[in-house]
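Please work out how this folds:
(4 chains)
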Protein chains: 2
Amino acid sequence: MTTDDPRVEAVIDKVRRAGGRVTTARRLVVAALVRGRAHPTAEAVAAFVQAEHLEIALSTVYRTLEALEALGLVEHTHLGHGSAVYHLGEPHQHLVCEDCGTVIDASAALLDDVRARLRAQYAFEVHVGHFAVLGRCGRCGVTARRPPSMRGDGGR
Amino acid sequence: MTTDDPRVEAVIDKVRRAGGRVTTARRLVVAALVRGRAHPTAEAVAAFVQAEHLEIALSTVYRTLEALEALGLVEHTHLGHGSAVYHLGEPHQHLVCEDCGTVIDASAALLDDVRARLRAQYAFEVHVGHFAVLGRCGRCGVTARRPPSMRGDGGR
DNA sequence: TTAGCTGCAAAAGGTTTGCAAATTA
DNA sequence: TAATTTGCAAACCTTTTGCAGCTAA
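Here you go, the predicted model:
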């Protein structure tokens, strides 16, 4: 069984070459990352996978993502609270709007300045991409913020 | 009841002025943040609090931290996987070593360059401090890394 | 044939919530 | 007195794990 997707097969080939077994579940997990929606959680990957094979378990998805990550083919990122999200390929920087949840993909080069400073000052090597940069996007920035209060619903 | 700690009382005064009630639990939570160890998790705050008053519940600690955060007196940060950590006062940037877990506190100014670029390019306003910068500290950097493999324990 | 994968179910954190009783202002 | 806060226990959500059966190589 193969998919007709060369991007999927390219990743699968690396799995095979690393001594991993090629299974339907693994091909579908990769397909979810290649063709599914951007920034999927494990749950979202499972939904994609299960659309084709309902019997594939969420735990298999987690284990497959973990295996792909160990090979350096996949990275996971935390976009704030809630589930981690997974993506293939080059590390890059995620910008997340805390108001509307929009995710912007920015280049890893964005942090070159910070990276150089941390290396010089603390001998610290930044691992780009494993953390998101949170903030407020342009669209939400125009909206006024309610001042905090301790009454009622706790100010939220 | 007061503590003898003016830093605690300063925070507590703000709670009172915001219309919040001042309780023993709240004072102890603030004291944990002022006098306890750096980067405490909710669990660690509870341990500090319960050293004085064993009956104070973990859920009260969470709710107090949430209330303090709503007032802008406390921030929480994710240093990677696992529990969030809490701190009083000025937002700053945390650097976390993924190998040994060491946390370095860096100035928020570290990100000024990134901040300016994101504002110009995406109209994105960075919320400093809510995310950690992960990487590898100088001490761990000298250690060699094992190459990934898909065999056995998954290369970890 | 035999590691390596998988499905299922249960466990394991970390955090939140419902509710009645206690407490603050 | 009235509204907020608290303790307790249970619920929740995401991720991990144990294990027996299945399967790719």
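
quick one, strands of chain A?
Remark: strands assigned in chain A by DSSP state E are A:74-78, A:84-88, A:93-97, A:103-106, A:125-126, A:132-136.

Quick check: neighbours of the fourth one in the sheet, parallel or antiparallel?
According to DSSP bridges, strand A:103-106 has the following sheet partners: strand A:93-97 (antiparallel).

got the CA positions of the strand it pairs with in CSV?
Extracted in CSV, the C-alpha atoms of strand A:93-97 (Å, rounded to 0.1, in the frame of the first residue of the first chain):
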residue,chain,number,x,y,z
GLN,A,93,8.4,30.3,15.0
HIS,A,94,4.7,30.4,15.9
LEU,A,95,3.0,33.6,16.8
VAL,A,96,-0.2,33.1,18.7
CYS,A,97,-2.9,35.7,19.4
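
List the buried residues in that strand.
With burial defined by 16 or more other CB atoms under 10 Å in any protein chain shown, the residues of strand A:93-97 counted as buried are A:93-97. Every residue, glycine included, has its C-beta placed from N, CA and C.

circling back to that earlier point, I'd like to know which of the strands of chain A lies nearest to DNA strand D.
The stretch from the strands of chain A with the least distance to DNA strand D (CB to the nearest atom of the strand) is strand A:84-88; that distance is 3.7 Å.

and the buried residues of strand A:93-97 as JSON lines, adding pLDDT?
Compiled in JSON lines, these are given as follows (pLDDT from 0 to 100):
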{"residue": "A:93", "pLDDT": "92"}
{"residue": "A:94", "pLDDT": "93"}
{"residue": "A:95", "pLDDT": "93"}
{"residue": "A:96", "pLDDT": "92"}
{"residue": "A:97", "pLDDT": "90"}
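
ok, so of those, who is nearest residue A:82?
residue A:96 (10.8 Å; CB to CB).

For that closest one, give its distance to residue B:28.
34 Å (CB to CB, to the nearest Å).

And residue A:130, by the same measure?
Taking CB to CB as the measure, residue A:130 falls 34 Å from residue B:28.

who's more crowded, the two?
Using other CB atoms under 10 Å in any protein chain shown, the more surrounded residue of residue A:130 and residue B:28 is residue B:28, with 25 against 21.

need the contact list for the nearest residue to the more buried one once chain neighbours are set aside.
With CB to CB, 6 or more residues apart in numbering or on different chains as the criterion, residue B:28 has its nearest non-adjacent residue at 4.2 Å, and that residue is residue B:49. Contacts of residue B:49 were listed using CB atoms under 8 Å, 6 or more residues apart in numbering or on different chains, and they are B:25, B:28-29, B:31-32, B:56, B:61.

Residue B:136: which of the strands of chain A is closest?
Ranking the strands of chain A by distance to residue B:136, with CB to CB as the measure, places strand A:125-126 first at 4.6 Å.

quick one: contacts of that closest one?
Strand A:125-126 is contacted from outside by A:111, A:114-115, A:118-119, B:133-136, B:141, using CB under 8 Å, 6+ apart.

Show me which of those residues is closest to DNA strand C.
Where these are concerned, and distances follow CB to the nearest atom of the strand, DNA strand C has its nearest neighbour in residue B:134, at 16.8 Å.

Give the bridge partners for that closest one, please.
Beta-bridge pairing for residue B:134 (DSSP bridges): residue B:96.

tell me how far stretch A:13-32 is from the chain's mean position?
Put simply, stretch A:13-32 sits 18 Å off its chain's centre (CA atoms, centre = their mean, to the nearest Å).

I'd like to know the average pLDDT value across it.
Stretch A:13-32 shows a mean pLDDT of 98 in the predicted model.

That stretch near DNA strand C at all?
Yes - in this structure, stretch A:13-32 sits against DNA strand C according to CB under 7 Å from any atom of the strand; the contacting residues are A:19-21, A:23-26.

In helices, which of these appear?
Secondary structure defined by DSSP state H assigns A:24-26 of the residues of stretch A:13-32 next to DNA strand C to helices.

Show me which of those residues are buried.
A:25-26.

ok, the ones in helices among the residues of stretch A:13-32 next to DNA strand C vs DNA strand D, which is closest?
Within these, distances to DNA strand D taken as CB to the nearest atom of the strand reach their minimum at residue A:24, with 6.5 Å.

could you measure that closest one against residue A:31, distance?
Counting by CB to CB - residue A:24 and residue A:31 are separated by 10 Å.

just residue A:75 next, same as before
With distances defined as CB to CB, the gap from residue A:75 to residue A:31 amounts to 18 Å.

returning to that earlier point: out of the ones in helices among the residues of stretch A:13-32 next to DNA strand C, which comes closest to chain B?
Closest approach between these and chain B, by CB to the nearest CB: residue A:26, at 10.8 Å.

List the buried residues of the least confident helix or strand in chain A by mean pLDDT.
For chain A, the helix or strand with the lowest mean confidence is helix A:138-141, at a mean of 86 (criterion: mean pLDDT, DSSP states H and E). Going by neighbour count (16+ other CB under 10 Å), the buried part of helix A:138-141 is residue A:140.
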